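Peer 1: Provided below for reference: sequence and predicted model.
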Amino acid sequence: MRVGGIEGGGTKFVCAIGTGPDDIEAEVRFPTTTPEETLRNAIEFFSSQERPVDRIGIASFGPLDLNPESPRFGFISQTPKVGWPNTDVRGTISRALDVPVWIDTDTNAPALAEHKWGALQGLDTCLYITVGTGIGGGGLVGGKLMHGLVHPEMGHMRIPHDKAVDPFEGACPFHKDCWEGLAAGPAIEARWKCRGENLPDEHPAWALEARYLAFALQNLILTLSPQRIVVGGGVMDRAHLFPMVRQEVVSLLNAYVRSPAILEGIDTLIVPPALGNRAGVLGGIALAQAELVGPVGLV
Ligand code: ZN
């Protein structure tokens, strides 16, 4: 079985062919522009290879229609990204290359990759959170990728927002001060009038950021009881955030959840991605390799 993976991000696409993190034989990346141009670039990459692939998996930004019974399965539905609402990402690739294509979110697919090769191996209930241009979360519960009604939208949960401490109204176009609206990269930039990567480690932005991340992680720990949470994305490239977030989570939980993983092992409960920034495209490959692709996945 020869498979390809696509990381379909809001700013860049990555396409690769291979079997895992140590075996990528071809890879290309290009900026996300219009759906027509971007998907055409992806199709050209695969069709220009000497040997065709048998399956493709896509880790895509969304929201996505992931109901295999839906006529719009694999479409990006609503998105503030201009030109992309109602784009048939899965069907366009599948028809052009005449291969089965599976698709999942850009958090579920990396969770699968981390589960297969990275920091989530051997766990059956675990999360992958990304904190970057937006905030998203996915993962496995009881060994299965989370889907349900649509798919999780953890980034839009409500968290406490003390306007006396932080008068910033929030940056989410749908909810203003949801988690993403308070803590994603654009919120940091809008609040402090400076991009996050240019703020020094000791800037008060990071204590506030750690608190917002910890509020939501606490909610997720209490709701899903994950055995581990991988937190990736551009904002988390600031490694000093990890000890701050862990400390806040322990403080917020206040010794209520009586697990050694929280009382003693918080450093291994909340971790960066083992696959780094390759978790997305490897997630596409992991999806294509998985038994998730059945008849419902075919065009
Ligand atoms: Zn929101």
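Peer 2: The structure has been received and is ready for your questions.
Peer 1: so what's Ile266 up against?
Peer 2: Contacts for Ile266 were tallied using C-beta atoms under 8 Å, 6 or more residues apart in numbering; they are 246, 249-250. Where C-beta positions appear, they are placed from N, C-alpha and C, glycine not excepted.
Peer 1: my bad, should have said Glu114
Peer 2: Contacts of Glu114 (C-beta under 8 Å, 6+ apart): 120-121, 126, 128, 230, 273-275, 279.
Peer 1: Ignoring the adjacent residues along the chain, who's closest to it?
Peer 2: Excluding its sequence neighbours, the residue lying closest to Glu114 (C-beta to C-beta, 6 or more residues apart in numbering) is Leu120, at 4.2 Å.
Peer 1: List the contacts of that neighbour.
Peer 2: Neighbours of Leu120 in contact, by C-beta under 8 Å, 6+ apart: 111, 114, 126, 128, 139-140, 228, 230.
Peer 1: And those residues, which two are furthest apart?
Peer 2: The two members of these with the most space between them (C-beta to C-beta) are Leu140 and Val230, at 11.4 Å.
Peer 1: Hmm, Phe46 is touching Cys15, no?
Peer 2: Yes: here Phe46 reaches Cys15: they are 6.8 Å apart, a contact under C-beta atoms under 8 Å.
Peer 1: neighbour-wise, which of these two wins?
Peer 2: Neighbour comparison, Phe46 and Cys15: the larger count goes to Cys15, with 25 against 20 (by other C-beta atoms under 10 Å).
Peer 1: Go ahead and confirm the more buried one touches Ile285.
Peer 2: No: in this structure Cys15 lies outside contact range of Ile285 using C-beta under 8 Å: 10.4 Å.
Peer 1: re the thing from before, who wins on neighbours among the contacts of Ile266?
Peer 2: Within the contacts of Ile266, neighbour counts (other C-beta under 10 Å) peak at Val249, which reaches 24 neighbours.
Peer 1: Confirm it sits in a helix?
Peer 2: Yes: counting by DSSP: H, G, I helix; E, B strand; the rest coil, Val249 is located in a helix.
Peer 1: Looks like it contacts Ala216 (just checking).
Peer 2: No: counting by C-beta under 8 Å, Ala216 is not a contact partner of Val249; they are 9.8 Å apart.
Peer 1: So which residues on this protein come close to the ion?
Peer 2: Within reach of the ion by C-beta under 5 Å from the ion, the chain has these residues: 156, 172, 174-175, 178.
Peer 1: I'm done for today, thanks for sticking with me.
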